[in-house]
Each structure stands twice: as C-alpha cells, then as structure tokens.
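Student: Next one to model:
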Amino acid sequence: MPDITPEPLDAKVIPFSAKEVFDSLVPEPETAFQRICREQNITEESYRKQPRLTEVLKRLPGGFECVCEYLRGNDDPDAIKFMDKWDTISLDDKDVIGFEGLCASAGVNGKKLYGIIVSEATVLGENEMAMLTAIKAPGVIDVILETAKTPGGHRERTLVAKASGWLPRPKGSQTNININNGRINQGNTTNLTLPAFDQDIRELGERFQELAADAGPKLLEGKP
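Tutor: Numbering: from 1, shown residues only. Model prediction:
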C-alpha cells in the first residue's frame, strides 16, 4: 500500500508570519473623518456635490467659525437647517469635515449658504459704518470748526460757509457716478458728486496766496 502521509510544510514556504496574517484579518482603524461621516449620515456622493468653500471661509476675517455665525438669525430654511446642525457638532469635528461636510449633513446647498453669508456680512458692515459715522461725526465737525478759526483754515471756512448756506454751491462741471453693488446705472443708485476740477485749482491758489501773505515777503522771494 502506498504511503500517503503528507509531507511536513517547510516554514520557508509561508510568506507571512502569524502576526501579519492576524493583522490582515483585523479591519483598519476608522479615521476621524470616516467616524464623523458615519455618525452624521454623510455619504460620499452628498459630500462630493458640495462646493469646496471651507478654505475660502477660513481666509475671511474671523475665520470659519465666526463667518458661519452670520447665518444665525437668518430666516432662510436652509440657513436654519445648517445652524441646527452646526449647534450639534463639536468644534473639533467641524474642523475635520469642514463647511462641505456640514452642508452635506444638513442636506443644504453650500453655494446658496455662501451667498447668504456674503449678503449678511455686507448688511452688517454697512450698518456698522453708518453707526460709526453717526458717532464720530460730531467730533469731526468740532475739528473742522476749530480749524476754520485759524489763519490757515481757508478750506475749512469754505466748507462751513457752504454747509450753512452762506455761500452758493458751484454750478460748474461735475462728475456723477452711480454705484449699485458694483453695477453702473442699474436699479436703485447712489449718486456721488465730485467737485469740479477748476474749483479745486482755484481754491488751492487762494490757499497758497493766503499762506504766502501770512509768511511775509520772504516766502515769495524764495528765501528761507
């Protein structure tokens, strides 16, 4: 009867050690991004469809977290959904998945929300400028009035006289610029009137003559 006993395996034939075989059977550890996507039900397709805006928002004043707060209080349904999701995720997880992941998790369009952020930031900036102007204007006017009382305050005296109506406004050539959110002559516009060029030249000449008269004949003769 033939001998059918199997030959012993040569250890050199096995390419992997027992540890390597065991490690290959254990799944790789889950990354932070994969964990957050699993917890927030973010699919690869929903994430891929979002515009890449995280780095853009990070470059804006206040950074990513501050900029997204512009959406708080906005009554747009997508903004409300985004902020509801925003408040349930930790800051560390927000940094991992970014603006795109938050939008994918909330089921909203990132490009639309970016437009809302820009609109809200613009309105807040304009209101802040108006408020600062109203607060600082009295101090500026005080400086103008005090300077107008000095020998060299010719332009300031002219400004006060024109503002109070003592002097008529010039009717010479003027340049009108209509500005509306970067567009020219469209919809509601704001007119910015620039003074005539010859008016500036005339006022500069008058100012020079006044300074020359105050300095005496040495200035006219070119002497120090």
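Student: C-alpha only now, for contacts and for neighbours.
Tutor: Will do.
Student: For Thr150, what are phi and psi?
Tutor: In this entry, Thr150 is assigned phi and psi values of phi -90, psi 160 (degrees, to the nearest 10).
Student: Next one: it from Gln50, what distance?
Tutor: Counting by C-alpha to C-alpha, to the nearest Å, the gap from Thr150 to Gln50 is 62 Å.
Student: and those two? which has more neighbours close in?
Tutor: Ranked by neighbour count (other C-alpha atoms under 10 Å), Thr150 and Gln50 place Gln50 first, with 18 against 11.
Student: any idea how far the more buried one lies from Val140?
Tutor: Between Gln50 and Val140 the distance is 48 Å, computed by C-alpha to C-alpha.
Student: could you point out which element follows the helix ranked longest in the chain?
Tutor: For the chain, the longest helix by residue count, based on DSSP state H, is helix 110-148. Using DSSP states H and E, the helix or strand that follows helix 110-148 towards the C-terminus is helix 154-164.
Student: and that next one, what other elements does it pack with?
Tutor: Helices and strands touching helix 154-164, as assessed by 3 or more C-alpha pairs under 8 Å, 6 or more residues apart in numbering; DSSP states H and E, comprise helix 110-148, helix 197-215.
Student: make it 7 Å
Tutor: Using 3 or more C-alpha pairs under 7 Å, 6 or more residues apart in numbering; DSSP states H and E as the contact criterion, the neighbours of helix 154-164 among helices and strands are helix 110-148.
Student: Name the residues of the helix it packs on that are buried.
Tutor: Of the residues in helix 110-148, those with enough neighbours to count as buried (16 or more other C-alpha atoms under 10 Å) are 110, 113-114, 116-117, 120, 144-145, 147-148.
Student: Tell me what angle that helix forms with helix 154-164.
Tutor: In this structure, helix 110-148 runs at an angle of 110 degrees to helix 154-164, with axes from the mean of the first three to the mean of the last three C-alpha atoms, to 10 degrees as the basis.
Student: how near is Gly107 to Ile97?
Tutor: The gap separating Gly107 from Ile97 is 14 Å, by C-alpha to C-alpha.
Student: Report all helices and strands that the longest helix of the chain contacts.
Tutor: helix 154-164.
Student: Now do the buried residues in the helix it packs on.
Tutor: Taking 16+ other C-alpha under 10 Å as the basis for neighbour counts, the residues of helix 154-164 that come out buried are 154-157, 159-160.
Student: Check stretch 87-105 too.
Tutor: 93-94, 97-105.
Student: What strand or helix carries the nearest residue to Gln50 once chain neighbours are set aside?
Tutor: Of all residues beyond its chain neighbours, the one nearest Gln50 is Glu100 (5.5 Å), with distances taken as C-alpha to C-alpha, 6 or more residues apart in numbering. With elements taken from DSSP H and E, the one containing Glu100 is helix 91-106.
Student: mean confidence score for that helix?
Tutor: For helix 91-106, the per-residue pLDDT values average out at 92.
Student: That helix to helix 110-148, inter-axis angle?
Tutor: Relative orientation of helix 91-106 and helix 110-148, computed by the same axes, to 10 degrees: 120 degrees.
Student: so how far is Val96 from Ile89?
Tutor: Distance of Ile89 to Val96, computed by C-alpha to C-alpha: 11 Å.
Student: what bits of the protein have low per-residue confidence?
Tutor: Segments of the chain classed as low confidence (criterion: pLDDT under 70) are 1-27, 169-224.
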